[in-house]
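Colleague: Task: produce atomic coordinates for the following.
(chains A, B, C and D)
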2 protein chains.
Amino acid sequence: MPAPRTVNHDCPIRDVLDRVGDAWSVLVIAELDKAPCRFNALRRVIDGVSQRMLAVTLRQLERDGLVTRRVTDGRPPQVTYALTPRGVSLHAALAPLADWAARHQQAIRESRAAFEAAQAAAA
Amino acid sequence: MPAPRTVNHDCPIRDVLDRVGDAWSVLVIAELDKAPCRFNALRRVIDGVSQRMLAVTLRQLERDGLVTRRVTDGRPPQVTYALTPRGVSLHAALAPLADWAARHQQAIRESRAAFEAAQAAAA
DNA sequence: CGGTATCCGCGCCGATACTG
DNA sequence: CAGTATCGGCGCGGATACCG
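Modeller: Presented below is the predicted three-dimensional model:
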């Protein structure tokens, strides 16, 4: 297949944004940064994520070497996920963005309200 | 209404990631950070973006107070987009992530290849 | 030149059912 | 407990046509 998907540029940041832009990946990383966690525990704490999306997200993160999947057979079977050093470093690289978001959140909301008010006035 | 939905958390970073996760927003911001730019010039340099998506993206960024839209009537009419200080600060907050992406890109590709090789071996 | 309006396909994701 | 398989809707975005 020639064109799998939006080519954009081979700009390296796009690979990362495809992951980071996903709603769940960041939440999973943030949670695992606190402590390793099991599947259903993760599911409960993330709240809103479906079983399928959590599985898919974890598989992607594992694939990229950002989390590890450790299986402990027994009754009941246990699977523990944890961040790799690479995953930790990504979480760290995300911090400035999170900071920015927290600092500008209010101003952005006001901008949006103002913009919509202007739109309404134009109509 | 108990839980409207797609709430995740009111975590402020989600608002930002909805924008940043969008394929085009970051490219537009990066381009406008170099210099203000007109619509079609932006279209040419971004390469791959449809007219519709560029318009939508710019509207969102304007709405959030990240870019300004300046119209100069004449023949032909001109519309110039530029980053606001807030937009510049977002671009700066993105830098560590871009750095991280550049530094880990190669390792991630290798992880993916290894993962897929393991998958193939399991089959 | 710089858009908006409309249509429509396809890909993502939630729901459901089943397995080791 | 920790998943995979399958289906179906719906929303995102490309293509196209048209306007100031």
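
Colleague: now the strands for chain A?
Modeller: Assigned by DSSP state E, chain A shows strands spanning A:37-38, A:67-72, A:78-83.

Colleague: Give the other helices and strands that the lowest-mean-pLDDT helix or strand in chain A contacts.
Modeller: The least trusted helix or strand in chain A, going by mean pLDDT, DSSP states H and E, turns out to be helix A:12-20, with a mean of 86. Packed against helix A:12-20 by the contact rule (3 or more CB pairs under 8 Å, 6 or more residues apart in numbering or on different chains; DSSP states H and E) you find helix B:12-20, helix B:23-34, helix B:85-122. All C-beta spots, glycine's among them, are computed from the backbone N, C-alpha and C.

Colleague: returning to that earlier point: dump the strands of chain A to JSON lines, plus mean pLDDT, mean neighbour count and distance to chain B.
Modeller: Formatted as JSON lines, those follow (pLDDT from 0 to 100; neighbours: other CB atoms under 10 Å in any protein chain shown; distance: least, CB to the nearest CB, whole Å):
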{"stretch": "strand A:37-38", "mean pLDDT": "97", "mean neighbour count": "18", "distance to chain B": "16"}
{"stretch": "strand A:67-72", "mean pLDDT": "97", "mean neighbour count": "14", "distance to chain B": "11"}
{"stretch": "strand A:78-83", "mean pLDDT": "98", "mean neighbour count": "17", "distance to chain B": "14"}
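
Colleague: could you redo these as a markdown table and give each row distance to residue B:45?
Modeller: Compiled in a markdown table, the strands of chain A are given as follows (distance: least, CB to CB, whole Å):
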| stretch | distance to residue B:45 |
| --- | --- |
| strand A:37-38 | 43 |
| strand A:67-72 | 36 |
| strand A:78-83 | 37 |
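
Colleague: Check whether the least confident helix or strand of chain A comes near DNA strand C.
Modeller: No. Helix A:12-20 lies apart from DNA strand C when judged by CB under 7 Å from any atom of the strand; the minimum separation is 9.4 Å.

Colleague: DNA strand D contacts on chain A?
Modeller: With the criterion set to CB under 7 Å from any atom of the strand, chain A comes near DNA strand D through A:6, A:38-41, A:51-52, A:55, A:58-59, A:69, A:76-81.

Colleague: and with 6 Å instead?
Modeller: Proximity of chain A to DNA strand D, by CB under 6 Å from any atom of the strand, involves residues A:6, A:38, A:39, A:40, A:51, A:52, A:55, A:76, A:77, A:78, A:79.

Colleague: picking that back up, what's the angle between the least confident helix or strand of chain A and helix A:85-122?
Modeller: 80 degrees (axes from the mean of the first three to the mean of the last three CA atoms, to 10 degrees).

Colleague: any weak-confidence spans in chain A?
Modeller: For chain A, residues meeting the criterion pLDDT under 70 lie at A:1-10, A:123.

Colleague: For chain B, what's the nearest residue on it?
Modeller: Residue of chain A nearest chain B, by CB to the nearest CB: residue A:21 (2.0 Å).

Colleague: Please name the nearest non-neighbouring residue to that residue.
Modeller: Leaving aside its sequence neighbours, residue A:21 sits nearest to residue B:21 (CB to CB, 6 or more residues apart in numbering or on different chains; 2.0 Å).

Colleague: try residue A:82
Modeller: In space, residue A:82 is closest to residue A:36, 3.7 Å off (CB to CB, 6+ apart).

Colleague: residues near the one you found, how many?
Modeller: Neighbour count for residue A:36, taken as other CB atoms under 10 Å in any protein chain shown: 16.

Colleague: Understood, closing this out.
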